[in-house]
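A.B. asks: Make a model of this:
(one chain, ligands or ions: 1)
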Amino acid sequence: MAGAKAADPIVIAHRGASGYLPEHTLAAKAAAHAMGADYIEQDVVLSRDGVPVVLHDIYLDSTTDVARCFPGRARADGRYYALDFDLDEIRQLRAHERLMQGAEGSPVTNYPRRFPGDIAMFRVPTLAEEIDLISGMNASRERTTGLYVEFKAPNWHRAQGHDLVAAVMSVLQDKEYADRPQQVFLQCFDDRTLRRLRHELKTPLPLIQLIAENDWGEDSAVDYDYLQTQEGLADVASYADGIGPWIRQVYLGMDESGATELSELVNHAHEKGLVVHPYTFRSDELPEGVTSFDRLLDIFLQQAQVDGLFTDFPDKARQYIDRQRQIALQ
Ligand code: CA
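C.D. replies: This is a model prediction of the structure:
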């Protein structure tokens, strides 16, 4: 991964084509494949019987009907943890668009123009099932669409007595993806997990250090301000191949003349040989001062020169990149 800047930036379908179909359903992953994503993202947590399942939260309640199917199975905090359910129970659930409790007590969605939240016809896939879907579509579509796997809350899993990393790597091994560095990225917000993967487990797969803000509560043991400094990035380069910052750590806003203000993060990362894959590009949630999705992509791909991006709308990013390539050829 040294040398950092690739010829064409990669399109990573964030939780699948989640702008169009409920996140992390096989339907959203099939759509992302058809839309020409280069990589499709898997967030992974464990079931009680230790099976890696593709789910963004360690909870089941925001994206499935678990509360209706298994009343009384929430912990004291009111949440239904995937780790408290065996796989055969998780298989009984119906997945839907992410919902939150609204002010009136009725469920609401963050993105009202997306897939209707009251249609719950999907399942929570295992990691193995999702890999079968993607590799199957790679065969039928003659593609090499890759996996982009995130270890969710590995330290929390460990405190609950489960080794998430070992379980995920075992599935990748079984599916013959553990030795395909061209087709798999591994990502995590926790640097200790990435250091273990690189130094102890000696994975050949490229590793991406995700960068949050310290006040998000993502992982209290990691200092994300430090990771963005020159010293921190040099440290990251000792165990990882790239960083995944969020949009606002790169794009700072517009100045009074309307010019884009960028941080030095991408340049500093590239100087250290790290690729940069920021998250999350949403055409229905543009950052302040940005008037269109294409304008947002201009800022990140032309000005900031990132190496790839996580997007809920892989078709729009694919079309933009293909159009730019056509222009460059003229
Ligand atoms: Ca993720």
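A.B. asks: pretty sure Leu297 contacts Tyr320?
C.D. replies: Yes: shown here, Leu297 and Tyr320 form a contact pair, counting by C-beta atoms under 8 Å, at 4.8 Å. Every C-beta, even on glycine, is put in place using the N, C-alpha and C of the backbone.
A.B. asks: who's more crowded, these two?
C.D. replies: Comparing Leu297 with Tyr320 by neighbour count (other C-beta atoms under 10 Å), the higher total belongs to Leu297, at 24 against 20.
A.B. asks: quick one, phi psi at Arg113?
C.D. replies: phi -90, psi 0 (degrees, to the nearest 10).
A.B. asks: How about Thr64?
C.D. replies: phi -140, psi 170.
A.B. asks: what's it in contact with, if anything?
C.D. replies: Leu93, Arg94, Ala95, His96, Ala120, Val124 (C-beta atoms under 8 Å, 6 or more residues apart in numbering).
A.B. asks: beta partners of it?
C.D. replies: Following DSSP bridges, Thr64 is listed with bridge partners Ala95.
A.B. asks: From Pro22, how far out is it?
C.D. replies: 10 Å (C-beta to C-beta, to the nearest Å).
A.B. asks: which neighbours do these two share?
C.D. replies: Joint contacts of Thr64 and Pro22 (C-beta under 8 Å, 6+ apart) are Ala95, His96.
A.B. asks: quick one: buried residues of stretch 52-72?
C.D. replies: 52-64, 66, 69-70 (16 or more other C-beta atoms under 10 Å).
A.B. asks: repeat for stretch 217-236
C.D. replies: Using 16+ other C-beta under 10 Å as the burial criterion, the residues of stretch 217-236 that qualify are Asp219, Val222, Tyr224, Leu227, Gln228, Gly232, Leu233, Asp235, Val236.
A.B. asks: Can you lay out the residues you listed as TSV showing secondary structure and distance to the ion?
C.D. replies: Compiled in TSV, these are given as follows (DSSP: H, G, I helix; E, B strand; the rest coil; distance: C-beta to the ion, whole Å):
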residue	secondary structure	distance to the ion
Asp219	coil	13
Val222	coil	16
Tyr224	helix	15
Leu227	helix	17
Gln228	coil	19
Gly232	helix	21
Leu233	helix	21
Asp235	helix	22
Val236	helix	18
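A.B. asks: before we move on, the earlier item: show me which of the buried residues of stretch 52-72 is closest to Gln249.
C.D. replies: Nearest to Gln249 among the buried residues of stretch 52-72, counting by C-beta to C-beta, is His56 at 20.3 Å.
A.B. asks: who's in contact with the nearest residue to Ser292 once chain neighbours are set aside?
C.D. replies: In space, and not counting its chain neighbours, Ser292 is closest to Leu286: 7.4 Å by C-beta to C-beta, 6 or more residues apart in numbering. Each residue near Leu286 by C-beta under 8 Å, 6+ apart is listed here: Ser292, Phe293, Leu296.
A.B. asks: Buried among those? Need that as a selection in ChimeraX.
C.D. replies: Command for ChimeraX, covering only those of the contacts of Leu286 found buried under the criterion 16+ other C-beta under 10 Å:
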select :293,296
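A.B. asks: what's around Met169, how many residues?
C.D. replies: Neighbour tally, Met169, other C-beta under 10 Å: 21.
A.B. asks: If you count contacts, what does the host helix or strand of it end up packed against?
C.D. replies: Per DSSP states H and E, Met169 falls inside helix 164-174. With contacts defined as 3 or more C-beta pairs under 8 Å, 6 or more residues apart in numbering; DSSP states H and E, helix 164-174 has these neighbours: strand 39-46, strand 52-54, helix 127-141, strand 146-151, helix 154-159.
A.B. asks: angle of whichever helix or strand comes after it against strand 146-151?
C.D. replies: Per DSSP H and E, the first helix or strand lying C-terminal to helix 164-174 is strand 184-188. Interaxial angle, strand 184-188 versus strand 146-151 (axes from the mean of the first three to the mean of the last three C-alpha atoms, to 10 degrees): 20 degrees.
A.B. asks: what angle sits between strand 184-188 and helix 127-141?
C.D. replies: 150 degrees.
A.B. asks: Tell me which other helices or strands strand 184-188 touches.
C.D. replies: Packed against strand 184-188 by the contact rule (3+ C-beta pairs under 8 Å, 6+ apart) you find strand 146-151, strand 207-210.
A.B. asks: quick one: that strand near the ion?
C.D. replies: No: using C-beta under 5 Å from the ion, strand 184-188 stays clear of the ion, with a minimum separation of 6.9 Å.
A.B. asks: Residues contacting that strand, please?
C.D. replies: Counting by C-beta under 8 Å, 6+ apart, 39, 146-151, 154, 172, 177-178, 194, 197, 203, 205-210, 242, 244, 277 sit against strand 184-188.
A.B. asks: ok, which of those residues also contact the ion?
C.D. replies: Glu150.
A.B. asks: Now render the helices and strands packed on helix 164-174 as a markdown table, adding mean pLDDT.
C.D. replies: Supplementary listing: the helices and strands packed on helix 164-174 in a markdown table, determined by pLDDT from 0 to 100:
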| stretch | mean pLDDT |
| --- | --- |
| strand 39-46 | 98 |
| strand 52-54 | 99 |
| helix 127-141 | 98 |
| strand 146-151 | 98 |
| helix 154-159 | 97 |
